[in-house]
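S.K.: Sharing a model prediction with you, sequence too.
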Amino acid sequence: MSEELLKKVRRILLYLAFLMAAFFLSYGLAYPLGYAPLGYEVVEKQEDAVVVQSLNAWGFNEERVTYQPPEGDEWRAKALVDRIEGQAMEYHLFFTSIMVAIFWVGLDVLKGIPLKKVLVLSCFYVFVSGLSLIRHLGDVKEILEGSFY
């Protein structure tokens, strides 16, 4: 193998190692730690109501809301619980994209690309996952406010 090919293989392996590390670190944040800034968590499920705890920007408890679906729309309570239980996946994707964006910003700055250009491009890394997370949290909020579907 030539020296140039070895450098490319090492670089690719380094990128893969970082991607795996970012994936597992964000998994640890989202699932075992349950870190969900501005998210929600189910405190108590009852037959006719769901008690939901909203979280602040730091991921700490903010306020409790008891959601009782309208008569005949009990499926909304189940939809609410499903959306809240699915938010960990959205946060996992979001945290992974942030870590990858930070990694690529660091690499591009080390290569000599201007920071302003790099920051604009890195916003696109996080845009899709951030938009998905915002829509997900908006759906939960709509269910709690009663304007969902």
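M.R.: Structure's in. What do you need?

S.K.: so who does the residue lying closest to D48 once chain neighbours are set aside touch?
M.R.: Spatially, and ignoring its direct neighbours in sequence, D48 is nearest to Q68 (6.3 Å; C-beta to C-beta, 6 or more residues apart in numbering). In short, each C-beta sits where N, CA and C put it, glycine included. Residues near Q68 by C-beta atoms under 8 Å, 6 or more residues apart in numbering: 48-49, 77.

S.K.: Let's see that with 10 Å instead.
M.R.: Contact partners of Q68, counting by C-beta atoms under 10 Å, 6 or more residues apart in numbering, are 46, 48-50, 74, 76-77, 146.

S.K.: same deal with Q87?
M.R.: By C-beta under 10 Å, 6+ apart, Q87 lies in contact with 30, 34, 36, 39-41, 94, 133, 136-137, 139-140.

S.K.: Ok, L38 next?
M.R.: Contacts for L38 were tallied using C-beta under 10 Å, 6+ apart; they are 54-59, 62, 133-134, 137, 141.

S.K.: do the same with I143
M.R.: So, once contact is read as C-beta under 10 Å, 6+ apart, I143 ends up touching 40, 50, 52, 67, 69, 76-77, 79-81, 83-84, 149.

S.K.: Restrict those to the buried ones and give me that as a PyMOL selection.
M.R.: To isolate the buried subset of those in PyMOL, counting by 16 or more other C-beta atoms under 10 Å, use the following:
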select buried, resi 40+50+52+67+69+76+77+79+80+81+83+84
